[in-house]
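> what shape does this take:
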Amino acid sequence: MANKLRIIGGEWRSRSLHFSETPGLRPTPDRIRETLFNWLQYDIFGSRCLDLFAGSGALGFEAASRGAKSVLQIEQNPIACQALRDNASRLNAHQVTIKNLNVFDFLSGPAEAFDIVFLDPPFTQGMALTTCQWLDKNNWLTPQAKIYVETESNLILETSESWKLLKNKITGGISYRLFCKE
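Now for the predicted structure:
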């Protein structure tokens, strides 16, 4: 597997994650991950994280490396899921759970509230807004939960009035936002 990236900080700093060559898979670039985890530096330790459309696992494994109590990664592609499992095994990441499911099938099931949600759906498929709505409507968020949303830069994202935009940046065609549920 030639595709790999490095964890930026925490217990597994500089360790490599390997991921499969999967259509549409775009790991969050290092620079954006570094910015995101600077934004979340006071929220990660001891948190319960949900990584939707996990893909390479970059966001979830970075959170676990930085002290998240638990990380649940949801990924539909079985090949990408196997790479996630292999990475979790190599890192001895007992706090990371991986489920091979469609995100919407998962979100329509029984809800458990998470402190931090990473949402990085495939671009140009209209999944970001729908996923945000389901997270809010189906009670997947704790009070004051932080929600990270990564989309193509030209997407206008209208979220619930109960979500406050904390941070927003655009880098190289990628828009990334951090919200807080109020």
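> mind naming the longest strand for the chain?
The strand spanning the most residues in the chain, taking DSSP state E as the definition, is strand 141-152.
> centre of the chain versus the helix or strand just after that one, how much separation?
Proceeding N to C from strand 141-152, the next assigned helix or strand is strand 163-171, under DSSP states H and E. Strand 163-171 has its C-alpha centroid displaced from the chain centroid by 15 Å (Cα atoms, centre = their mean, to the nearest Å).
> partner strands of the helix or strand following strand 163-171 and their direction?
Toward the C-terminus, strand 163-171 is succeeded by strand 174-181 as the next helix or strand (DSSP H and E). Here strand 174-181 has these sheet partners by DSSP bridges: strand 141-152 (antiparallel), strand 163-171 (antiparallel).
> for strand 174-181, which outside residues touch it?
28-29, 32, 35-36, 39-40, 136, 141-155, 157, 159, 162-170 (Cβ atoms under 8 Å, 6 or more residues apart in numbering). Any C-beta I mention is one placed from the backbone N, CA and C, and that applies to glycine too.
> what is the end-to-end distance of stretch 157-166?
14 Å (Cα to Cα, to the nearest Å).
> my understanding was that F114 contacts R48; is that so?
Yes - counting by Cβ atoms under 8 Å, F114 touches R48, with 5.0 Å between them.
> common neighbours of the two, please.
Counting by Cβ under 8 Å, 6+ apart, the residues touching both F114 and R48 are L72, T142.
> circling back: show me what counts as buried in the longest strand of the chain.
L141, T142, A145, K146, I147, Y148, V149, E150, T151 (16 or more other Cβ atoms under 10 Å).
> so where is this structure shaky, pLDDT-wise?
1-2 (pLDDT under 70).
> where along it do the strands fall?
So, for the chain - with DSSP E - the strands run 4-6, 16-18, 48-52, 70-75, 96-100, 114-119, 141-152, 163-171, 174-181.
> packing partners of the fourth one?
In terms of contact count using 3 or more Cβ pairs under 8 Å, 6 or more residues apart in numbering; DSSP states H and E, strand 70-75 is assigned the packing partners strand 48-52, helix 58-65, helix 78-91, strand 96-100.
> relative to the last one, what are the paired strands and their orientations?
So that's strand 96-100. Strand 96-100 pairs in its sheet with strand 70-75 (parallel), by DSSP bridges.
> and for the strand it pairs with, what's in contact with it?
Against strand 70-75 from outside (Cβ under 8 Å, 6+ apart): 48-55, 57, 60-61, 63-64, 81, 84, 93, 95-101, 103, 106, 114.
> do the same with stretch 61-68
7-13, 15, 17, 33, 37, 40, 44-49, 51, 71, 87-88, 91, 93, 95-96, 116, 118.
> hmm, which of these are the buried ones?
7-10, 12, 17, 33, 37, 40, 44, 47-49, 51, 71, 87-88, 91, 93, 95-96, 116, 118.
> could you dump the strands of the chain into TSV with distance to C132 added?
As requested, the strands of the chain are exported to TSV (distance: least, Cβ to Cβ, whole Å):
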stretch	distance to C132
strand 4-6	26
strand 16-18	26
strand 48-52	10
strand 70-75	15
strand 96-100	20
strand 114-119	7
strand 141-152	7
strand 163-171	8
strand 174-181	8
